[in-house]
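In: model the following, please.
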Amino acid sequence: MTVEITKEMNEHQPINLRLPTPGCYADADRSGLEADDVFDGMTEHLFYTLGKLAPAASRHDLYMALSYAVRDRLMTRYLAGIEALAATPTRVVAYMSAEFLIGPQLGNNLLMLGMQEAASEALRRFGIANVDEILEVEEEPGLGNGGLGRLAACFLESLASLEIPATGYGIRYEFGIFDQLIRDGWQVEITDKWLKSGWPWEIPHPDQACFVGFGGRTETYRDEHGNYRVRWIPGEHAIGIPHDVPVLGYRVNTCDRLRLWRADATESFDFYAFNIGDYYGAVEEKVGSETLSKVLYPNDGTDEGRRLRLKQQHFFVSCSLQDMIRSLDARRIPVQEFPDHWAVQLNDTHPAIAVAELMRLLIDDKHLGWEQAWDITSRSLSYTNHTLMPEALEKWGLKLFGSLLPRHLELIYEINRRFLQQVRFKYPGNEQILRQLSIIDEDGAKAVRMAHLATVASHHVNGVAALHSELVRTQLLKDFANLWPDKFTNVTNGVTPRRWMALANPELSKLLTNAIGDGWVKDLDKLRGLEGLVDDNSFLEQWEATKLTVKRKLSNYIHRHNGFSVDPASLFDVQVKRIHEYKRQHLNALQVIAQYLRIKHGLAEGMAPRTVIFGGKAAPGYYMAKLIIRFLNGIAETINADPDMQGRLRVVFLADYNVKLGERVYPASDLSEQISTAGLEASGTGNMKFAMNGALTIGTLDGANVEIREQVGEENFFLFGKTTKEIEALRHNYRPWELIPNHSDLGEVLKLIEQGHFSNGDGELFKPLLQNLTGHDPFFVLADFGDYMRAQDAVNRAWSDRNRWNRMSLLNTARMGYFSSDRSIREYAQRIWQADEFPVTITCEID
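Out: Now for the predicted structure:
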């Protein structure tokens, strides 16, 4: 007898297979999706896995038991996929990224499996009235920081949902970047111990460990055929232990994986050192090796910090490439066929050392010739650029690089020599272009330019928004684009509607499904069906009521965590993202002060009552960003304590912003602040999450804002600010102090800050910020202030017309289909990876 779990069964009805064979893919005890099955699974895991009796189980126990029961259902699909790929090899996407901001897993996996109601019913039998009580228990995985890591997570989910085989490769950080507290208005960083209570979603595979070398020396020799060879003799080693996290697609059987590497020592304990009393020395190697996977983004302000970052990058890249080659060896597939089986995507420059490491593995370990190894490497790798900021384009000093990776530096020199020969052929006698294109930066302290290395070796280089990709081609990597115009392309970012709408905003999801059916969850273009309701006043009232319900939930959160009340009927004006000067939270702060002054001067007529919400972390070593956080909190403290602001203006800073908090904030927002300096934001993805949930955008023509405005309609977008070209024209003759007399609001705002109005009378506290703005203003805050205030006045007018605002909000949601990460992944798969769908059918044979 053969039982198949088809996509249709999985999507439209619960799987309820009663088969007696344990361990088979359709084992009823592990595959059922009904409440009875979930309850039985939880009871079993409480008893056998956690050693607890149900009456004594805590909420954390119930979270763990439910998670293990859900993971059982994932294993059915995960193992079936591995077996299917072994039987029918196909090209697999290897997505290499230093971070994966995957967010809480339980709620997402319940959604993917279609078992949210079953889980709720099972929990009620344990006395839990609301599943949210258990979902709140889950710690946020500390595997990422911002947009780069969240994009990687969205892409993995879309790969699985589109049934494309994929493995995400990264590091299993023991500690996240940090948890953020706000004390006396300042950011305080504390250790993010996200693994302290256990994490049920990972499956360790110590039997698949990889050895990684560092330092040491190289030597030459002749092999048995008389060929010249190089042997790397590392001075130290670490072991990479893989931990797999299943990544299930939406209502399909495809379950891809996120493979995270944990560092361990080759020898954990030195008995000799211990016995002679050197107790630290006895574990020194263990401590040193395990540091590799301790923390996300160690501070690179010191030599040791930079050294650790480079070691981290080589560690996870080497483990990952070894793993890919080992998978070919296990299936007796020649390594020469590597590009037919692996499409390796470098997510920014952090994994760019893959170029040299793959060459080393092919030449030194597999004994291929240079030309063949280079052909394999350049047909396998593709590179995504994520930034136009020069400081974010990684460069490693030759001394550091050579001391850690001597063999890789030799290979990079040879790659560069051969590459520059091509350049000389195209541009004979042009020494300037050789210096500009060289992988080795010859200006000042010599360094390896990782973006150049990735560009030279990759078959495709892409930006992440139309404007960004154009600037990559015409500015950042202009000479490379002239050399290889067909290599450069654009794939605009996207986000998954499953997490950011269906999971994060169940109230809106229900309204959408009732109106246009549930097909939008898998095909976001179907939201266009909402446009037929734009003149339906009854539906627009439902739209507004749904938004208000979600805003009440966020208001309750603010009251619990910030200690004061906000009016859910006010305009929720939100800017949540990493704190950085180019993202211009301080521009938003200046307009808040201007609004505050208008109210104080009796000029509040026509102003919408607002709750202005900020959130985001600053890098620990970034002083100006941390001062901006202090500035925002100083403004909040002053405004919220002023009785004149009651019912008119509130300012909130949400501490420790992460995915979990984002799931509360995006659905509740009315206005999305996307106000970066034009030409500096690669894409942004928060802008997409806001608009999908019906927020209107106030923004510059930067990153994906350009395409969002094109899609939703310029009449449904509050545009302001100078364009990229205008910024460039202004840059060479910019005198920000000359702008202050042109805006009466601006002068008064700056004077109030200077007087210490938002710092308890301390006129020195924000002096560095004021000097930055009025002296140099590197991100053109004052240049855009006047137009920003004009756009904010337009927001006030639109908000006052509730029917107009609701129409605009609905049309933003209706026209966001283009920004699904499913569309992004289809473009990568078709244009860059040449990766096909690979549906998985689950069967179970019974005698």
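In: switch to C-alpha atoms for all contacts and neighbour counts from now on
Out: Fine.
In: just the helices in the stretch 51-200 of the chain please.
Out: Here the stretch 51-200 of the chain has its helices, by DSSP state H, counting those that start in this stretch, at 59-87, 106-113, 116-124, 132-135, 147-161.
In: per-residue confidence at residue 278?
Out: Reading off the confidence values, residue 278 has pLDDT 52.
In: next one: the one 4 residues further on
Out: In the prediction, the pLDDT value recorded for residue 282 is 48.
In: what of residue 286?
Out: So, for residue 286, pLDDT stands at 58.
In: ok so, going back, tell me which of the helices of the stretch 51-200 of the chain lies nearest to residue 457.
Out: Closest of the helices of the stretch 51-200 of the chain to residue 457 is helix 147-161, at 21.6 Å (criterion: C-alpha to C-alpha).
In: and the closest one with helix 106-113, angle?
Out: 30 degrees (axes from the mean of the first three to the mean of the last three C-alpha atoms, to 10 degrees).
In: report all helices and strands that helix 147-161 contacts.
Out: On a contact count with 3 or more C-alpha pairs under 8 Å, 6 or more residues apart in numbering; DSSP states H and E, helix 147-161 meets strand 166-171, strand 236-248, strand 255-264, helix 821-827.
In: contacts for it?
Out: By C-alpha atoms under 8 Å, 6 or more residues apart in numbering, the residues outside helix 147-161 that reach it are 95, 97-102, 143-144, 165-168, 247-252, 254-256, 258, 347, 386, 493-496, 684-686, 821-822, 825.
In: before we move on, back to that, out of the helices and strands packed on helix 147-161, the one nearest residue 380 is which?
Out: Per C-alpha to C-alpha, nearest to residue 380 of the helices and strands packed on helix 147-161: strand 166-171, 14.2 Å.
In: how far off strand 236-248 does the closest one point, in degrees?
Out: 140 degrees.
In: can you tell me the strand partners of strand 166-171 and which way each runs?
Out: Using DSSP bridges, strand 166-171 pairs in its sheet with strand 92-96 (parallel), strand 255-264 (parallel).
In: distance from the first one to the middle of the chain?
Out: Put plainly, it is strand 92-96. Using C-alpha atoms, centre = their mean, to the nearest Å, the mean C-alpha position of strand 92-96 is found 16 Å from that of the whole chain.
In: find the nearest non-adjacent residue to residue 402, please.
Out: With sequence-adjacent residues excluded and distances taken as C-alpha to C-alpha, 6 or more residues apart in numbering, residue 402 is closest to residue 409, at 5.9 Å.
In: mind listing what the one you found touches?
Out: Counted by C-alpha under 8 Å, 6+ apart, residue 409 has contacts 356, 401-402.
In: which pLDDT value goes with it?
Out: Per-residue pLDDT puts residue 409 at 98.
In: what strand or helix carries it?
Out: Using DSSP states H and E, residue 409 sits in helix 406-426.
In: list the buried residues for that helix?
Out: Neighbour-count burial for helix 406-426 flags 406-409, 411-412, 415-416, 419-420, 423 (criterion: 16 or more other C-alpha atoms under 10 Å).
In: a markdown table for those, including distance to residue 291?
Out: Below are the buried residues of helix 406-426 laid out as a markdown table (distance: C-alpha to C-alpha, whole Å):
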| residue | distance to residue 291 |
| --- | --- |
| 406 | 21 |
| 407 | 23 |
| 408 | 22 |
| 409 | 24 |
| 411 | 27 |
| 412 | 27 |
| 415 | 31 |
| 416 | 32 |
| 419 | 36 |
| 420 | 38 |
| 423 | 41 |
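In: between those residues, which sits nearest residue 461?
Out: Distance to residue 461 across the buried residues of helix 406-426 (C-alpha to C-alpha) is lowest for residue 419, with 16.7 Å.
In: count of residues packed around the residue nearest to the closest one when sequence neighbours are not counted?
Out: Counting by C-alpha to C-alpha, 6+ apart, residue 419 lies nearest to residue 456, which is 7.6 Å off, once chain neighbours are set aside. Residue 456 has 23 neighbouring residues, counting by other C-alpha atoms under 10 Å.
In: okay, angle between the helix or strand where residue 456 lies and helix 406-426 too, please.
Out: Using DSSP H and E, residue 456 sits in helix 450-457. Put simply, helix 450-457 runs at 60 degrees to helix 406-426, going by the same axes, to 10 degrees.
In: what does helix 450-457 rub up against?
Out: Contacts for helix 450-457 (C-alpha under 8 Å, 6+ apart): 349, 352-353, 355, 377-378, 381-383, 385, 393-396, 412, 419, 437-439, 461, 480.
In: equivalent analysis for stretch 330-349, please.
Out: 86, 89-98, 148, 152, 324-325, 328-329, 352, 366, 372, 376-377, 379-386, 393-394, 450-451, 454, 833, 835.
In: sort out which of these are buried, if you could.
Out: Of these, these count as buried by 16+ other C-alpha under 10 Å: 90-98, 148, 152, 324-325, 328, 352, 376-377, 379-386, 393-394, 450-451, 454, 833, 835.
In: show me where this protein dips below the pLDDT cut-off.
Out: Low-confidence segments of the chain (pLDDT under 70): 1-28, 268-289, 390-391, 844-847.
In: and residue 331, how many neighbours?
Out: 11.
In: check the gap between it and residue 83 for me.
Out: Distance, residue 331 to residue 83, using C-alpha to C-alpha, to the nearest Å: 12 Å.
In: cool, and residue 511?
Out: Taking C-alpha to C-alpha as the measure, residue 511 falls 40 Å from residue 83.
In: swap in residue 515?
Out: From residue 515 over to residue 83 (counting by C-alpha to C-alpha), the distance is 41 Å.
In: same check on residue 610?
Out: Residue 610 is 55 Å from residue 83, by C-alpha to C-alpha.
In: between those two, which has more neighbouring residues?
Out: The residue with more neighbours, out of residue 610 and residue 83, is residue 610; 23 against 13, by other C-alpha under 10 Å.
In: I'd assumed residue 566 was in contact with the more buried one.
Out: No - taking C-alpha atoms under 8 Å as the definition, residue 610 is not a contact partner of residue 566, at 9.2 Å.
In: which ones are touching residue 609?
Out: Contacts of residue 609 (C-alpha under 8 Å, 6+ apart): 570-571, 647-649.
In: now those residues as CSV including secondary structure, neighbour count and distance to residue 808?
Out: Listed next are these as CSV, based on DSSP: H, G, I helix; E, B strand; the rest coil; neighbours: other C-alpha atoms under 10 Å; distance: C-alpha to C-alpha, whole Å:
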residue, secondary structure, neighbour count, distance to residue 808
570, coil, 20, 17
571, strand, 22, 14
647, coil, 15, 25
648, coil, 19, 23
649, strand, 25, 23
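In: which members of these are the farthest-apart pair?
Out: Using C-alpha to C-alpha, the two most remote members of these are 571 and 647, lying 11.1 Å apart.
In: narrow the contacts of helix 450-457 to those in helices?
Out: 355, 377-378, 412, 419, 437, 480 (DSSP state H).
In: of all those residues, which two lie farthest apart?
Out: Among the ones in helices among the contacts of helix 450-457, 377 and 437 lie farthest apart (C-alpha to C-alpha), at 19.8 Å.
In: and residue 613, what element?
Out: If you go by DSSP H and E, residue 613 is part of strand 610-615.
In: now the strands: where do they sit in the stretch 301-450 of the chain?
Out: All strands of the stretch 301-450 of the chain, identified by DSSP state E, counting those that start in this stretch, fall at 342-347, 381-384, 395-397, 440-441, 447-449.
In: so which of the ones you listed comes closest to residue 522?
Out: Residue 522 lies closest to strand 342-347 among the strands of the stretch 301-450 of the chain, at 24.2 Å (C-alpha to C-alpha).
In: can you show me the helices along the stretch 601-750 of the chain?
Out: Using DSSP H, counting those that start in this stretch, helices in the stretch 601-750 of the chain cover 623-640, 659-668, 686-692, 705-712, 724-731, 744-754.
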